[in-house]
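[1] take a look and give me a structure for this.
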Amino acid sequence: MKVAITLNTSWNIYNFRMSLIQALIKDGHEVVAIAPHDEFTVKLIEAGCDFEDVTMDSRGASPIRDTGLTFELYNIYSRVRPDVILHYTIKPNIYGTLAAAILGIPVINNVSGLGTIFLNEDWISKIALSLYRFSFRFPKKVFFQNQEDYQLFMDKNLIQRNICEVIPGSGIDLDQFTPQPFREKKEGEAFEFLMISRLIIDKGIREYVAAAAILQERGMNAKFNLLGKLDELHSRGISSEELNDWIKEGYINYLGSTDDVRPFINKVDCVVLPSYREGTPRTLLEAAASAKPIVASNVPGCNNIVDHRLNGILCKVKDEDDLALKMKEMYYMAPDLRKEMGLRGREIVERRFDHNLVIERYLKAIDQNGNLKPKFKPVYVNNS
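    Residues are numbered from 1 along each chain as shown. You can find the predicted model right below:
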């Protein structure tokens with residue numbers, strides 16, 4: 001079977017979907033990756049994927065401008081003719097589904113995060129919700145990464161219940177992320193926090209920096225590390241000027257970006273994510289799998305991974321004072337309790353978030369829905 005995977009970046013496919021791709025290839029399927037070309041494209045090809053380049057702005061949020069993406073994906077899908085298409089992220093889910101519906105190709109969508117359109121109530125959000133409602137009439141299956149996102153789609157009448165299923169995010173490779181021996185801090189050694197995220201406002205970057213400033217002013221002997229790519233072109237991106245001001249003031253230790261977060265996670269004492277809303281945040285799965293205690297906002301996605309005071313501490317969303325209070329609690333917690341929190345986090349991901357669980361659900365959905373009789377007769381464009 002020819003399986004297409006459409007996403008907003010090649011980086012995203014390589015970092016989050018390679019386990020599934022490897023399983024598909026192992027099962028004898030032909031995999032076509034469809035995404036904008038970037039430095040990770042060659043890695044996908046080396047892994048055995050065919051590749052199709054597509055123009056897609058993952059940062060913008062203009063439904064009117066993005067309608068051209070439907071025609072571009074229509075042309076790619078009509079040429080490649082996959083037996084089933086897997087869509088991830090908002091734009092492929094909407095515009096890719098419409099393109100596939102015209103051609104009668106079955107699709108399986110994944111709502112991996114709701115983005116800013118569900119955090120705002122403006123005209124763009126209203127159009128986007130209408131597009132969701134229309135395009136989500138056509139998928140054979142839609143996977144959600146948490147119960148809250150699924151319920152929100154149901155409450156807004158965006159989807160039919162019978163095609164929905166909740167899965168544990170993209171899962172985590174438990175052999176790749178493993179706990180390291182616990183090391184107690186030496187006298188005078190700074191406690192280290194780490195936030196891993198793209199530098200956009202909705203991840204809670206500003207709250208993290210503000211909390212760091214509060215705790216530093218109170219004399220806490222701690223380092224506040226920030227790891228993630230600057231994304232100034234994003235409509236909600238942090239500017240380089242603002243980032244440089246934080247660095248200059250000494251609020252954060254900016255680590256840039258990386259292709260391998262493991263050494264950074266293993267080095268710190270606590271991972272922090274004060275996001276406004278998530279699907280199933282990969283960084284928290286990686287932290288929990290590495291047996292690190294977590295401080296995260298009490299929002300959908302984060303609170304699916306963090307059980308309050310079991311494997312981490314939940315804080316109020318968009319509240320730097322409460323975030324600082326919870327980080328302070330983690331700082332003063334007895335080392336053996338922090339160690340126990342980390343080990344409980346590892347147990348949670350072993351039980352609920354093993355990537356093999358996700359792969360099994362996808363293989364089943366592909367087997368059930370690929371090569372089905374088209375719901376609509378294909379429409380061919382006559383250019384003569």
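[2] rest of the way, CA atoms for contacts and neighbours
    Fine.
[3] distance of residue 103 relative to residue 30?
    19 Å (Cα to Cα, to the nearest Å).
[4] tell me the secondary structure at residue 211.
    Recorded secondary structure, residue 211: helix (DSSP: H, G, I helix; E, B strand; the rest coil).
[5] so what pLDDT did it get?
    On pLDDT, residue 211 comes in at 98.
[6] circling back to that earlier point, compare residue 103 and residue 30 and say which is more crowded by neighbours.
    residue 103 (21 against 18; other Cα atoms under 10 Å).
[7] was I right to think that one contacts residue 78?
    Yes. At 7.0 Å, residue 103 counts as touching residue 78 under the criterion of Cα atoms under 8 Å.
[8] so which residues of the protein form strands?
    Taking DSSP state E as the criterion, the chain carries its strands at 2-6, 30-35, 50-53, 84-88, 107-111, 141-144, 164-166, 191-196, 222-227, 253-254, 270-273, 294-297, 312-315.
[9] out of the ones you listed, deepest packed?
    By mean neighbour count, with neighbours taken as mean count of other Cα atoms under 10 Å, strand 294-297 ranks first of the strands of the chain at a mean of 30.
[10] direction included, what does that one pair against?
    strand 270-273 (parallel), strand 312-315 (parallel) (DSSP bridges).
[11] gap between residue 101 and residue 51?
    In terms of Cα to Cα, residue 101 sits 21 Å off from residue 51.
[12] and the gap between residue 107 and residue 70?
    For residue 107, the distance to residue 70 equals 14 Å [Cα to Cα].
[13] swap in residue 165?
    25 Å.
[14] and residue 253, by the same measure?
    From residue 253 to residue 70 the distance is 42 Å (Cα to Cα).
[15] dump the strands paired with strand 294-297 into JSON lines; add distance to residue 4 and mean pLDDT as well.
    Compiled in JSON lines, the strands paired with strand 294-297 are given as follows (distance: least, Cα to Cα, whole Å; pLDDT from 0 to 100):
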{"stretch": "strand 270-273", "distance to residue 4": "32", "mean pLDDT": "98"}
{"stretch": "strand 312-315", "distance to residue 4": "38", "mean pLDDT": "98"}
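[16] quick one: closest of those to residue 12.
    Residue 12 lies closest, by Cα to Cα, to one member of the strands paired with strand 294-297: strand 270-273, at 19.4 Å.
[17] lowest-confidence helix or strand of the protein?
    Lowest mean confidence among the helices and strands of the chain (mean pLDDT, DSSP states H and E): helix 123-135, at a mean of 82.
[18] that older thread, let's have the strands of the chain in CSV, adding distance to residue 348.
    Formatted as CSV, the strands of the chain follow (distance: least, Cα to Cα, whole Å):
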stretch, distance to residue 348
strand 2-6, 29
strand 30-35, 31
strand 50-53, 36
strand 84-88, 25
strand 107-111, 22
strand 141-144, 19
strand 164-166, 17
strand 191-196, 20
strand 222-227, 24
strand 253-254, 30
strand 270-273, 16
strand 294-297, 13
strand 312-315, 12
